[in-house]
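**Q** Sharing a model prediction with you, sequence too.
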Amino acid sequence: MKKLILASASPRRAALLRQVGIRFDVISLDGEEEESNLDPEELAPVEFAACAASIKLDAALKTADAAADAVILCADTVVALGGEIFGKPADEQDARRMLRLLSGRVHEVITACAMAAVPGGPRTEFVETTKVEFKDIPNEMIDAYIATGEPFDKAGGYGIQSRAALFVRRVEGCYPNIVGLPVAQVAAALEEVYSMNIAEFWKKK
């Protein structure tokens with residue numbers, strides 16, 4: 001069976017794959033967090049995430065072992081509200097701005113995945129969108145959350161798998177997608193596109 005290679009430095013994506021029992025190797029990309037020349041003000045959120053994931057996959061394929069029998073997985077997650085893309089906060093002020101805008105409103109978390117088999121196998125790309133409704137968050141709680149340092153490596157300035165779970169009133173759609181990877185959809189692609197039997201991962205070596 002082909003092996004899976006996660007081309008991402010995200011510990012949350014790795015944790016999600018481990019959680020569902022999918023074994024994988026990890027490679028990190030130089031400049032992975034750079035979305036090339038993409039302008040978030042010129043692209044719709046879905047288009048931005050899809051283009052960013054595709055760019056990451058192109059970079060991963062350039063460095064992949066040509067002899068490897070593997071599937072490479074790249075992903076990009078953005079938070080969107082009213083068409084505005086919320087990436088990772090630049091500083092405390094930016095994190096505070098994002099959280100105040102998200103407070104009491106419904107936003108979207110969009111994860112684009114790009115996958116390809118090496119050597120020379122099929123390529124597939126897809127996007128998953130989840131709606132998240134926040135309760136009204138007091139300014140004092142926003143400031144306390146920012147002080148924990150959690151917002152700064154997360155799109156939208158929050159991590160639903162940690163303290164920010166207290167902000168959430170309702171989720172509509174795939175929960176793991178909010179964390180950073182729609183694992184059920186990834187597994188389906190591995191089986192349907194790349195003929196990988198997920199149950200084989202669960203068997204003891």
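**A** Alright, I've got the coordinates.
**Q** make it CA atoms for all contacts and neighbour counts henceforth
**A** Fine.
**Q** For the closest residue to Pro122 other than its chain neighbours, pull up the helix or strand it's in.
**A** The shortest distance from Pro122 to any non-neighbouring residue, by CA to CA, 6 or more residues apart in numbering, is to Ala116 (5.7 Å). Per DSSP states H and E: Ala116 is located in strand 106-118.
**Q** Remind me what that strand packs against, helices and strands.
**A** helix 45-63, strand 70-81, strand 123-134, helix 175-179 (3 or more CA pairs under 8 Å, 6 or more residues apart in numbering; DSSP states H and E).
**Q** can you list the weak-confidence ranges in this protein?
**A** Confidence mapping of the chain against pLDDT under 70 gives the ranges 30-36, 66-67, 205.
**Q** List the residues that contact the residue lying closest to Cys113 once chain neighbours are set aside.
**A** Nearest residue to Cys113 in three dimensions, chain neighbours excluded: Ala75, at 4.4 Å (CA to CA, 6+ apart). Contacts for Ala75 were tallied using CA atoms under 8 Å, 6 or more residues apart in numbering; they are Ser8, Ala52, Ala53, Lys56, Thr111, Ala112, Cys113, Ala114, Gly180, Leu181.
**Q** Same list, those, but as JSON lines with distance to Lys62 and neighbour count please.
**A** Shown next, in JSON lines, are the contacts of Ala75 (distance: CA to CA, whole Å; neighbours: other CA atoms under 10 Å):
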{"residue": "Ser8", "distance to Lys62": "15", "neighbour count": "21"}
{"residue": "Ala52", "distance to Lys62": "16", "neighbour count": "26"}
{"residue": "Ala53", "distance to Lys62": "14", "neighbour count": "27"}
{"residue": "Lys56", "distance to Lys62": "10", "neighbour count": "26"}
{"residue": "Thr111", "distance to Lys62": "23", "neighbour count": "27"}
{"residue": "Ala112", "distance to Lys62": "20", "neighbour count": "27"}
{"residue": "Cys113", "distance to Lys62": "18", "neighbour count": "27"}
{"residue": "Ala114", "distance to Lys62": "14", "neighbour count": "24"}
{"residue": "Gly180", "distance to Lys62": "24", "neighbour count": "26"}
{"residue": "Leu181", "distance to Lys62": "23", "neighbour count": "27"}
